[in-house]
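Visitor: when you get a sec, could you give me coordinates for this:
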Amino acid sequence: ESAKWLAEIEKQEGVQKTESGLLYRIDREGEGAQATADTDVVLVNYEGKTRDGKVFDSSYERGEPISFPLNGVIKGWTEGMKLVKAGGQITLWIPSELAYGENGAGSDIGPNEALEFKVELLEVNP
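Guide: Predicted structure coming up:
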């Protein structure tokens, strides 16, 4: 199911694919710093959804952005956050192998589930 969903997303206008299989679209170009190292710390606002549209995590709902080092998150985020500059917004469609894999995560993310994240990159700190 995830593979079919990603194949449909890939056909959409503006969607690009990296060598690893990560799909992304730059929704708003940023003009600030860009993460280059896995140890860079980013400050973001984001919303994560399953392929059926269920929001499983959102900094917007919590009312505050979150900061984390890129080597402390799923591989799709580590790669995706290097594709946009601070001040920009990106949508990531992350295949299962770059997300939570065959284990899934919590009650909302099943095994081998591809995910969608809309992310605003607020700042990058090396």
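Visitor: give the contact list for G48.
Guide: Contacts for G48 (CB atoms under 8 Å, 6 or more residues apart in numbering) come out as V55, F56, D57, S58, L115, E116, F117. From N, CA and C alone the C-beta is placed, and that goes for glycine too.
Visitor: by contact count, what packs against whichever helix in the chain runs longest?
Guide: Determined from DSSP state H, the single longest helix within the chain is helix 2-10. Counting contacts by 3 or more CB pairs under 8 Å, 6 or more residues apart in numbering; DSSP states H and E, helix 2-10 is packed against strand 23-28.
Visitor: just give me the neighbour total for the closest residue in space to G110 that isn't next to it in sequence.
Guide: Nearest residue to G110, sequence neighbours excluded (CB to CB, 6 or more residues apart in numbering): G104, at 4.8 Å. For G104, the neighbour count with other CB atoms under 10 Å is 15.
Visitor: phi first, then psi, for G104.
Guide: G104 adopts backbone torsions of phi 70, psi -170, taken as degrees, to the nearest 10.
Visitor: so how far is P95 from it?
Guide: Taking CB to CB, to the nearest Å as the measure, G104 and P95 are separated by 14 Å.
Visitor: can you show me the helices along the protein?
Guide: Going by DSSP H, the chain shows helices at 2-10, 59-62, 75-80.
Visitor: what packs against the second one?
Guide: Contacts defined by 3+ CB pairs under 8 Å, 6+ apart place helix 59-62 against strand 41-50.
Visitor: also the last one?
Guide: For helix 75-80, the helices and strands in contact under the criterion 3+ CB pairs under 8 Å, 6+ apart are strand 89-94, strand 115-125.
Visitor: show residues contacting stretch 94-114.
Guide: Contact with stretch 94-114 is made by 2-3, 5-6, 20-23, 50-51, 54, 56, 74-77, 79-80, 93, 115-117, as judged by CB under 8 Å, 6+ apart.
Visitor: can you select the buried ones from these in PyMOL?
Guide: Buried members of the contacts of stretch 94-114, defined by 16 or more other CB atoms under 10 Å, are picked up in PyMOL with:
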select buried, resi 2+5+6+21+22+23+50+51+74+75+76+77+79+80+93+115+116+117
